[in-house]
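Trainee: sharing a sequence plus its predicted fold:
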Amino acid sequence: MEVVIVPDAPAGGELIAEAMAQLLRRKPDALLGVATGSTPLPIYQALAAKVRSGAVDASRARIAQLDEYVGLPSSHPESYRSVLRREVLEPLGLSMDAFMGPDGEAEDVQAACAAYDRALAEAGGVDLQLLGIGTDGHIGFNEPCSSLASRTRIKTLTEQTRIDNARFFEGDIDQVPHHVITQGIGTILEARHLVLLATGEGKADAVAATVEGPVAAVCPASALQLHPHATVVVDEAAASKLKLVDYFRHTYANKPEWQGI
Ligand SMILES: N[C@@H]1[C@@H](O)[C@H](O)[C@@H](COP(=O)(O)O)O[C@@H]1O
């Protein structure tokens, strides 16, 4: 696992957007796994700016969703499908033909989950999976004690996650669904490159547990330690509880530039 400490969120967004641009230059139809929440927005803004300036062509990129609320109509502005259409597909000039995600409105949710896992594999697998992190260490919607081998499935949100996400629902926790579909941790670990961005002091404890704690289901993001190519990008505030901060700074500063992240 590589830890990269950046001065602030826009710098993290730029670094990761450049890695995505490099991937698209190598593989124009790369399958990009995208996350929701506020943290990845600077990535999407930086990547869209590169597309507008002609620095990268994203016209053949494919986009895969990480997780979704269950029971929220996909037309709802806060369904993750709507959020990704607004924040990722439209700014990159992509139509919904380029998009794949689980069906949060399916009558048979379990079948929809299995179908999504199959669709990801049939699409050749995710090339680069972006991740945020919850204050409790969740990735996607894999809440603490999710199996590290889990596949895409239905989960029940913790009260804390519903409180955290109420800000997207007019601050009203009652509007936040209780159930979600999320790629499992085992599913996420199949992506070729995992890139987690965490910014702000509120994520410092979760980042320390992810990077320097044991691999444990109680902190789902710690599963990144099992992946051969995982990059954790953190701003100074999110890095503030890491013990090995000098080591991380030193190794990144001395890394050959061609290696990228
Ligand atoms: N399902 C999403 C996660 O994918 C995201 O990482 C997390 C943190 O969101 P934020 O980046 O807004 O703190 O929120 C939600 O729970």
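Mentor: The structure has been received and is ready for your questions.
Trainee: so which bits of stretch 159-171 are buried?
Mentor: Residues of stretch 159-171 classed as buried: T161, R162, D164, N165, F169 (neighbour count, 16 or more other C-beta atoms under 10 Å). C-betas here are computed from N, CA, C, even on glycine.
Trainee: what residues does the protein put near the ligand?
Mentor: Contact residues, the chain versus the ligand (C-beta under 6 Å from any ligand atom): 35-39, 66-67, 132-134, 140-141, 161, 165.
Trainee: got a markdown table for the residues you listed, with distance to A217 and secondary structure too?
Mentor: Formatted as a markdown table, the residues of the chain next to the ligand follow (distance: C-beta to C-beta, whole Å; DSSP: H, G, I helix; E, B strand; the rest coil):
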| residue | distance to A217 | secondary structure |
| --- | --- | --- |
| A35 | 20 | coil |
| T36 | 22 | coil |
| G37 | 21 | coil |
| S38 | 26 | coil |
| T39 | 22 | coil |
| L66 | 18 | coil |
| D67 | 17 | strand |
| G132 | 19 | coil |
| I133 | 15 | coil |
| G134 | 14 | coil |
| G140 | 14 | coil |
| F141 | 14 | coil |
| T161 | 16 | helix |
| N165 | 22 | helix |
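Trainee: for ChimeraX, write a command that selects the buried ones of these.
Mentor: To isolate the buried subset of the residues of the chain next to the ligand in ChimeraX, counting by 16+ other C-beta under 10 Å, use the following:
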select :35,36,37,39,66,67,132,133,134,140,141,161,165
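Trainee: smallest gap between the stretch 51-200 of the chain and the ligand, at which residue?
Mentor: In the stretch 51-200 of the chain, the residue that lies nearest the ligand is G132 (2.5 Å; C-beta to the nearest ligand atom).
Trainee: contact partners for A239?
Mentor: Counting by C-beta atoms under 8 Å, 6 or more residues apart in numbering, A239 makes contact with V3, I5, A204, V207, V245, F248.
Trainee: that should have said E143, apologies.
Mentor: Counting by C-beta under 8 Å, 6+ apart, E143 touches G134, D136, K155, T156, L157, T158, T161, P220.
Trainee: could you check the pLDDT of it?
Mentor: Listed pLDDT for E143 reads 94.
Trainee: helices along the stretch 1-150 of the chain, start to end?
Mentor: 9-26, 41-53, 80-84, 90-92, 109-122 (DSSP state H, counting those that start in this stretch).
Trainee: again but with the stretch 151-261 of the chain, I slipped
Mentor: Using DSSP H, counting those that start in this stretch, helices in the stretch 151-261 of the chain cover 159-165, 185-188, 204-212, 245-253.
Trainee: can you put those helices in TSV and add mean pLDDT?
Mentor: Output for these, formatted as TSV (pLDDT from 0 to 100):
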stretch	mean pLDDT
helix 159-165	93
helix 185-188	98
helix 204-212	98
helix 245-253	97
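Trainee: deepest of those, which one?
Mentor: Most buried of the helices of the stretch 151-261 of the chain, by mean neighbour count (mean count of other C-beta atoms under 10 Å): helix 185-188, with a mean of 24.
Trainee: check the offset of it from the chain's centre.
Mentor: Centroid separation for helix 185-188 versus its chain: 12 Å, with C-alpha atoms, centre = their mean, to the nearest Å.
Trainee: not counting its own residues, what contacts it?
Mentor: 33, 66, 117, 120, 129, 131, 139-140, 142, 146-152, 194, 220, 223.
Trainee: cool, stretch 106-113 as well?
Mentor: Around stretch 106-113, the neighbours that count as contacts under C-beta under 8 Å, 6+ apart are V70, P102, D103, G104, R151, T152, R153, I154, I181.
Trainee: which of the residues in it are buried?
Mentor: For stretch 106-113, the neighbour count (16+ other C-beta under 10 Å) marks V109, A112, C113 as buried.
Trainee: so for it, what's the average pLDDT?
Mentor: Average pLDDT, stretch 106-113: 95.
Trainee: could you dump it to CSV, C-alpha only?
Mentor: Presented in CSV, the C-alpha positions along stretch 106-113 are these (Å, rounded to 0.1, in the frame of the first residue of the first chain):
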residue,chain,number,x,y,z
ALA,A,106,-35.1,-4.4,-8.5
GLU,A,107,-37.8,-6.6,-7.0
ASP,A,108,-35.3,-9.4,-6.5
VAL,A,109,-32.4,-7.4,-4.9
GLN,A,110,-30.3,-10.5,-4.4
ALA,A,111,-30.5,-11.5,-8.0
ALA,A,112,-29.7,-7.9,-9.0
CYS,A,113,-26.6,-8.0,-6.8
